[in-house]
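Enquirer: this is a predicted model, with the sequence first.
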Amino acid sequence: MINTDFTFALKRIHFDENYHPAENTRITTNFANLARGSSRQENLRNTLKMIDNRFNALAHWDNPNADRYTVELEIISVEMNLDAKSSGNALPLIEILKTNIVDRKTNERIEGIAGNNFSSYVRDYDFSVVLLEHNKNRSEFSVPKNFGDLHGNLFKCFLHSDAYKQHFKKRPVICLSVSSSKTYHRTENLHPVLGVEYLQDEYSLTDEYFSKMGLKVRYFMPPNSVAPLAFYFAGDLLADYTNLELISTISTMDTFQKIYRPEIYNANSAAGKSYRPSLKHQDYSLTRIVYDREERSRLAIEQGKFVEEQFIKPFHTLLEQWSANYAH
């Protein structure tokens with residue numbers, strides 16, 4: 001049994017119109033990408049306004065002017081230490097968002113959900129280095145053996161750590177785009193906040209990847225949305241969270257998806273009973289927020305190679321042994 005004691009340290013920074021990415025922030029994250037260039041402050045201000053408007057539209061009870069609530073966001077950066085006694089080998093592991101809700105009527109500050117956006121160096125490595133290399137000369141796409149195992153075990157280790165339990169009362173909910181390689185079918189199941197549930201015939205590669213992190217998935221299209229979102233969670237999505245907590249996640253991630261994937265989430269017509277998302281869809285509207293999707297893809301490869309050189313190669317044997325033992 002390998003005697004490795006991984007520990008985690010959390011850093012918090014407010015995501016507001018004055019946000020500047022820290023030097024070690026992954027520049028492919030949704031929030032870091034918005035905070036760059038000449039339009040950075042306008043981007044951030046418009047994004048936050050979109051989130052608040054979406055929140056108030058969904059939390060419409062006792063809210064006649066649709067201005068009762070505002071959402072505050074924190075970026076949580078998680079560093080992992082390979083040795084509990086030293087921070088010399090700290091790796092910037094993941095970044096998530098934490099929502100907090102301010103009720104202007106009661107002056108109450110309500111804790112939201114951790115997770116929402118999910119950004120990971122090791123996931124960049126898996127998808128932008130390992131997967132690309134594996135399929136470079138293959139005529140048919142395939143996934144390498146044990147793909148995502150290390151990342152999944154690192155995430156589960158963080159979730160069960162003292163650091164997570166000290167900072168968060170509930171398990172995370174991560175909300176992503178549905179896959180453009182799958183077809184989704186509308187059901188009769190209707191939730192007052194999450195909206196109508198969709199099902200699909202088989203899991204996407206992302207769904208399988210997140211299952212190795214200990215997370216299940218359900219797909220819901222919230223009221224006044226035009227496409228379902230994928231919600232990844234560890235417990236019971238419908239029972240473990242309040243309506244306001246769920247709305248904080250929907251309003252935040254629906255806004256990000258409208259900016260980053262307008263072909264799907266800012267389309268001019270809503271998903272039908274049988275729905276296949278497509279980034280080639282032409283009938284959509286653009287937000288006023290500037291974003292460079294091609295640059296983001298290029299940076300994902302660069303950052304995947306960074307983690308390969310700084311983390312995977314130097315600690316390959318240790319990580320492999322730790323992951324194999326952690327799984328058992």
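Expert: Great, that's in hand. The shown structure was predicted, so the numbers you read here are calculated from the model rather than taken from an experiment.
Enquirer: Three-state assignment for the closest residue to residue 281 other than its chain neighbours, please.
Expert: Distances taken as C-beta to C-beta, 6 or more residues apart in numbering place residue 263 nearest to residue 281, at 4.3 Å, with adjacent residues excluded. The C-beta positions use only the backbone N, C-alpha and C, and glycine is treated the same way. Of the three states, residue 263 takes helix under DSSP: H, G, I helix; E, B strand; the rest coil.
Enquirer: what sits against residue 263?
Expert: By C-beta atoms under 8 Å, 6 or more residues apart in numbering, the contact set of residue 263 is 278, 279, 280, 281, 282, 284.
Enquirer: and for the third one, the neighbour number?
Expert: I take that to be residue 280. 6 (other C-beta atoms under 10 Å).
Enquirer: leaving out the residues flanking it, which one is nearest to it?
Expert: residue 263 (7.1 Å).
Enquirer: what's the distance between that neighbour and residue 43?
Expert: 19 Å (C-beta to C-beta, to the nearest Å).
Enquirer: and for residue 146?
Expert: 39 Å.
Enquirer: neighbour count: those two, which is higher?
Expert: Neighbours were counted for residue 146 and for residue 43 using other C-beta under 10 Å; residue 43 has more, 22 against 13.
Enquirer: which SSE is that one in?
Expert: Assigned by DSSP states H and E, residue 43 belongs to helix 40-58.
Enquirer: tell me which strands and helices that helix is in contact with?
Expert: Judged by 3 or more C-beta pairs under 8 Å, 6 or more residues apart in numbering; DSSP states H and E, helix 40-58 is in contact with helix 30-34, strand 69-83, helix 243-260.
Enquirer: next, the buried residues of it.
Expert: Across helix 40-58, burial judged by 16 or more other C-beta atoms under 10 Å covers 40, 43-44, 46-48, 50-52, 54-56, 58.
Enquirer: roughly how far out does the top strand by length along the chain sit from the chain middle?
Expert: Secondary structure of the chain per DSSP state E: the longest strand is strand 86-103. The chain centre lies 13 Å from the centre of strand 86-103; the measure is C-alpha atoms, centre = their mean, to the nearest Å.
Enquirer: packing partners of that strand?
Expert: strand 7-15, strand 69-83, strand 108-120, helix 121-125, helix 149-159, helix 243-260.
Enquirer: the same query, at a cut-off of 7 Å, please.
Expert: Here strand 86-103 touches strand 69-83, strand 108-120, helix 243-260, going by 3 or more C-beta pairs under 7 Å, 6 or more residues apart in numbering; DSSP states H and E.
Enquirer: residues in contact with the shortest one?
Expert: What that stands for is strand 108-120. 26, 28-30, 76, 93-103, 151, 168-170, 172-175, 241, 244-245, 248-249, 252-253, 256 (C-beta atoms under 7 Å, 6 or more residues apart in numbering).
Enquirer: just for this structure, where's the confidence low?
Expert: Under the criterion pLDDT under 70, the flagged ranges of the chain are 1-5, 22-38, 83-89, 290-296, 328.
Enquirer: now residue 235: how far from residue 159?
Expert: In this view, residue 235 and residue 159 are 11 Å apart by C-beta to C-beta.
Enquirer: these two - which one has more neighbours?
Expert: With neighbours defined as other C-beta under 10 Å, residue 235 and residue 159 compare such that residue 159 has more, 17 against 13.
Enquirer: measure that one to residue 306 for me?
Expert: 24 Å.
Enquirer: for residue 163, same thing?
Expert: When distance is defined by C-beta to C-beta, residue 163 is 24 Å away from residue 306.
Enquirer: again with residue 119
Expert: Shown here: residue 119 relative to residue 306, a distance of 14 Å by C-beta to C-beta.
Enquirer: same question, residue 125
Expert: As judged by C-beta to C-beta, residue 125 and residue 306 stand 8 Å apart.
Enquirer: and these two? Which one has more around it.
Expert: Neighbours were counted for residue 125 and for residue 306 using other C-beta under 10 Å; residue 125 has more, 24 against 16.
Enquirer: OK, contacts around residue 176?
Expert: Per C-beta under 7 Å, 6+ apart, neighbours of residue 176: 206, 230.
Enquirer: so it, which state does it fall into?
Expert: strand.
Enquirer: for it, name its beta-bridge partners.
Expert: residue 230 (DSSP bridges).
Enquirer: all helices of the stretch 201-328 of the chain, in order?
Expert: 205-211, 243-260, 262-265, 293-307, 316-327 (DSSP state H, counting those that start in this stretch).
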